[in-house]
Every structure is written in C-alpha cells, then in structure tokens.
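Undergrad: Next comes the sequence, and after it the predicted model I'd like to discuss.
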Amino acid sequence: MSERHQNLAIIGHVDHGKSTLVGRLLYETGSVPEHVIEQHREEAEEKGKGGFEFAYVMDNLAEERERGVTIDIAHQEFSTDEYDFTIVDCPGHRDFVKNMITGASQADNAVLVVAADDGVAPQTQEHVFLARTLGIDELIIGINKMDVVDYEESTYDEVVTEVEQLLKQVQFNTDDASFIPISAFEGDNIAERSDNTSWYDGEILLESLNDLPEPEPPTDAPLRLPIQDVYTISGIGTVPVGRIETGVMNTGDNVSFQPSDVGGEVKTIEMHHEEVPKAEPGDNVGFNVRGIGKDDIRRGDVCGPADDPPSVAETFQAQIVVMQHPSVITAGYTPVFHAHTAQVACTIESIDKKMDPSSGEVAEENPDFIQSGDAAVVTIRPQKPLSIEPSSEIPELGSFAIRDMGQTIAAGKVLDVNEK
Ligand SMILES: Nc1nc2c(ncn2[C@@H]2O[C@H](COP(=O)(O)OP(=O)(O)OP(=O)(O)O)[C@@H](O)[C@H]2O)c(=O)[nH]1
C-alpha cells in the first residue's frame, strides 16, 4: 500500500478492451482476491483450459457482468509501487457521463483504450472531449489488441497519429499524453516489457502509471462544499453532509449556504465518525452550523466562506457540446441541468455562437439551432436559483451535464456568471 492516491478513469470506445485492461491490472498487481482466481483456476482446469487463468477470469467476469451479477470494473482498487489507484466510474455505466461531469466521480488522470484494429471511434472522440473539458491532467493512451494486428509497428504508428490528431482537435496538449502498444488480453507491456514489440522502447503501462504526477488538492481556492443531504442528528442538531471540492473548512469559520442564502459559524466537523478541527478537498464531511435548521438548507446548496460566498446565477454563459440529441436544440429549450449536487431546469435563452470544434474558432454567430456533434456558446437562465462558478475560477464547480429523456445530451463548462 502507498500513501499516495489517484482516481483513475478508464475511457474508450465500446469493446476496445477497458474491462479487460482493468482485469489485467488487478491481476498483475495481485488485487484480484485469491479465492476468485482459485475458483476460476479450478473451473479452467476442469474444462481443460489450464494455463489460461486470466482469460478465464475475464470471460467469467464479462459473462457475469452481462447478467449484472458481479464485479463491476468501477470502484475497483489496485496498488502499484507509487500509488493506490481507485478506478472511478466507467463508460458503459449508466450515468457515467453525468457522474464524470458533475464531479461525482472525479478522475485525476485517465487511461484511454484504443483498439489497434479499429482506431479512433465515436466514443473515443466523446471521451477525449470530456477528459479535456473536465481538466484531466494526463492521458495515458493504450493502443490495445496489438496481438490482433500481429504487433505491427506500422499499424501502431497509424493509430497513434490518428489519436494525436484528435487530441489536437480538442486542444489537449500532446505533451501530456503518452502512448503504449499493449495487449490487455495477452498482457503485453502491462507489467512486463513485451518481446512482441521489440521496436518499442518507451515506458510500459505500470511504469507510466507510477510516473503520473501526484494530484494537487485545490486547497488554495475558496471553500466550496456542495451539499448532498441534510440530516437531523440528536444531540447535535442539523448536519449537512457533502464532499469538499475546493478550499478548507475549519471549525469557527463563518460560512454561507447559497442559493438558500443563510449562514453561521461552523461548530463541529465530523469525518469518518470522528470530530476533526478542519477538512480539505476530497474529504466527505458532516458538519454543524450555529443557528441553521433542517429546513433552511437543501441538497444542491453550496457552502462557502461568508466573505467569499458561492455565486448564484441570474444567467450564465457556457460552452456546451451536444453529444446526442434526437432532433435539434433551439432557444427556449428547457432541459434539466446537473451541476455538482444540484438539479435545476434551465432555459437555453440564446444560442450565441456555433464553434468549429477543430479550430476552436467561431463558425456562425447566433445560429438558429444546434444538433449532435455541435459545440456552441449559449446563454442559460436557471428556472430556480442555482449556484455555479466560472470554470476559469473554480473548475470543480464550473461544469454541468444537460439531461433530457433519461440521457446526457450535452456537457458544458461555465464561461461567465451574471450574478443575481
Ligand atoms: N485479442 C484481444 N482481445 C481483446 C483484448 N482486449 C480485449 N479484448 C477482447 O475484446 C472484447 C471487448 O473487451 P472488453 O474489455 O469487454 O471491452 P470494453 O471496452 O470494456 O467494453 P464495454 O465494457 O462493453 O464498453 C472482449 O471479447 C475481449 O476479450 C486484447 O488485448 N486482445
């Protein structure tokens, strides 16, 4: 075990090998429980498939996953020499995109899996765009299924070039991206250097994971703590709970809840059932504020310092990307916006500019509509008070997902807040 921790997202197009890679990482780092391996080893031997334990484990996980019975790749943990990794929510999961955008599953870094025999595919684009919008620092790109393309260097180079073009399109700094030819299934270049890719002399996957920069908690930003729930606890009183996104909370601080617009002094902070004098980004806390009752605040409020309170938007301008919408989006459209713990219906009041995603330049002023695949700058009016921040100032509170008909139809980040 290591003292240092990383939240890692595994992203990539369907069937490019995300689950297999997670299985491989768990297997190579000794994180698959021994009894699980043992059970599958026995079955494999019974069926005359001895020696293929890993494949057998994966097949079974996949089968069980389809039946929805067992091990989800999300929230699996493994440790390397440098870090304890937690795999945060994964694509394919219901609400993955929303969770990633609203910060419910905040990844520090990501591994992008691209199958060598398929190259860049629609979800590769979508996930790279998300990673970029959400401020993923470093991207490790595993060009997977190298075994399927006979470990050919030329195929690897072609796919690398394709991915590099995509990164440039979304303006992701290619210096922050590293490429590795792998086979999650066969185990090439995961924990050991592979003889099959003798033409490759870069890092193998576990080395790259060890070399990731340590996430720096945003302790210098003002306190922002979106409220998840509000409890009444006997002997203490009203206890709002949530995760600190930015800044620090100390007992004795004067805080303000927005948009409910109430405040007071922090009396106690509790974490893991223990009282603590202060809490930091990433900490899940319950706390008690003098004079605040259960009906004064609610889920979706954000707690911040009284002298630098969370912003409440009358309107805000944002850059959005439409991921999937059955028809077209026009001014007046009022879907539900999910930002941190808030869910508020908001009207797209005007579509100000359509952007060219490849150059980032304005393609059209005041377009009549936008549709799937379009990027645009829009002005948004919340139908109920909403606390949200410009992404340039507090990125953790500056992104949102737009949901309609049970789907995430767009993702966005806030450019500017016109405060109430
Ligand atoms: N030959 C080969 N097959 C692989 C490799 N990695 C994954 N596969 C196979 O590709 C298929 C898809 O792999 P998954 O790991 O389920 O892909 P995924 O990206 O998790 O897919 P979703 O969870 O459906 O998004 C499975 O049949 C795997 O056995 C590889 O390195 N080589």
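TA: All right, it came through fine.

Undergrad: Quick one: find the helix or strand in the chain with the lowest mean pLDDT.
TA: helix 53-66 (a mean of 59; mean pLDDT, DSSP states H and E).

Undergrad: Show me what secondary structure element comes after that one.
TA: Sequence order places strand 77-79 as the next helix or strand after helix 53-66, per DSSP states H and E.

Undergrad: Quickly run through the sheet partners of that following strand, with directions.
TA: Counting by DSSP bridges, the strands paired with strand 77-79 are strand 84-87 (antiparallel).

Undergrad: On the three-state scheme, Glu158 is what?
TA: helix (DSSP: H, G, I helix; E, B strand; the rest coil).

Undergrad: Report the contact partners of it.
TA: Residues counted as contacts of Glu158 (C-beta atoms under 8 Å, 6 or more residues apart in numbering) are Gly119. Where C-beta positions appear, they are placed from N, C-alpha and C, glycine not excepted.

Undergrad: I'd like the distance between it and the ligand.
TA: Using C-beta to the nearest ligand atom, to the nearest Å, we find Glu158 at a distance of 17 Å from the ligand.

Undergrad: Quick check: that residue vs Arg403, distance?
TA: Per C-beta to C-beta, to the nearest Å, Glu158 is found 37 Å from Arg403.

Undergrad: near the ligand, which residues of the chain?
TA: Contact residues (C-beta under 6 Å from any ligand atom) of the chain with the ligand: 12, 14-20, 62, 91-92, 144-145, 147-148, 183-185.

Undergrad: what's the neighbour count on the residue of the stretch 201-350 of the chain at minimum distance from the ligand?
TA: The nearest approach of the stretch 201-350 of the chain to the ligand comes at Leu205, 11.9 Å away (C-beta to the nearest ligand atom). As a burial measure, Leu205 scores 23 neighbours (other C-beta atoms under 10 Å).

Undergrad: three-state assignment of Ile141?
TA: The three-state assignment at Ile141 reads strand, by three-state DSSP.

Undergrad: which ones are touching it?
TA: Ile141 makes contacts with Val111, Leu112, Val114, Val160, Val163, Ala177, Ser178, Phe179, Ile180, as judged by C-beta under 8 Å, 6+ apart.

Undergrad: how close does the last one sit to Ile190?
TA: Distance check for Ile180 against Ile190: by C-beta to C-beta, it reads 9 Å.

Undergrad: quick one: common contacting residues for those two?
TA: Shared contacts of Ile180 and Ile190, defined by C-beta under 8 Å, 6+ apart, comprise Ile204, Leu205.

Undergrad: all helices for the stretch 101-250 of the chain, in order.
TA: Remark: helices assigned in the stretch 101-250 of the chain by DSSP state H, counting those that start in this stretch are 122-133, 153-169, 205-210.

Undergrad: Tabulate the ones you listed (JSON lines), appending mean pLDDT.
TA: JSON lines is the format used below for the helices of the stretch 101-250 of the chain (pLDDT from 0 to 100):
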{"stretch": "helix 122-133", "mean pLDDT": "79"}
{"stretch": "helix 153-169", "mean pLDDT": "93"}
{"stretch": "helix 205-210", "mean pLDDT": "96"}
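
Undergrad: As CSV, those helices with distance to Ile87 would be great.
TA: Shown next, in CSV, are the helices of the stretch 101-250 of the chain (distance: least, C-beta to C-beta, whole Å):
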stretch, distance to Ile87
helix 122-133, 15
helix 153-169, 21
helix 205-210, 12
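
Undergrad: so how far is Ile141 from Val336?
TA: As judged by C-beta to C-beta, Val336 and Ile141 stand 34 Å apart.

Undergrad: now Thr161
TA: 12 Å.

Undergrad: what do you get for Arg299?
TA: From Arg299 to Ile141 the distance is 37 Å (C-beta to C-beta).

Undergrad: Ok, Gly119 next?
TA: Using C-beta to C-beta, Gly119 is found at 12 Å from Ile141.

Undergrad: How about Met249?
TA: Met249 is 38 Å from Ile141, where distance means C-beta to C-beta.

Undergrad: and what of Val262?
TA: Taken as C-beta to C-beta, the span from Val262 to Ile141 is 47 Å.

Undergrad: With Pro222 instead?
TA: The spacing between Pro222 and Ile141, counted by C-beta to C-beta, is 35 Å.

Undergrad: Check Gly30 too.
TA: 25 Å.
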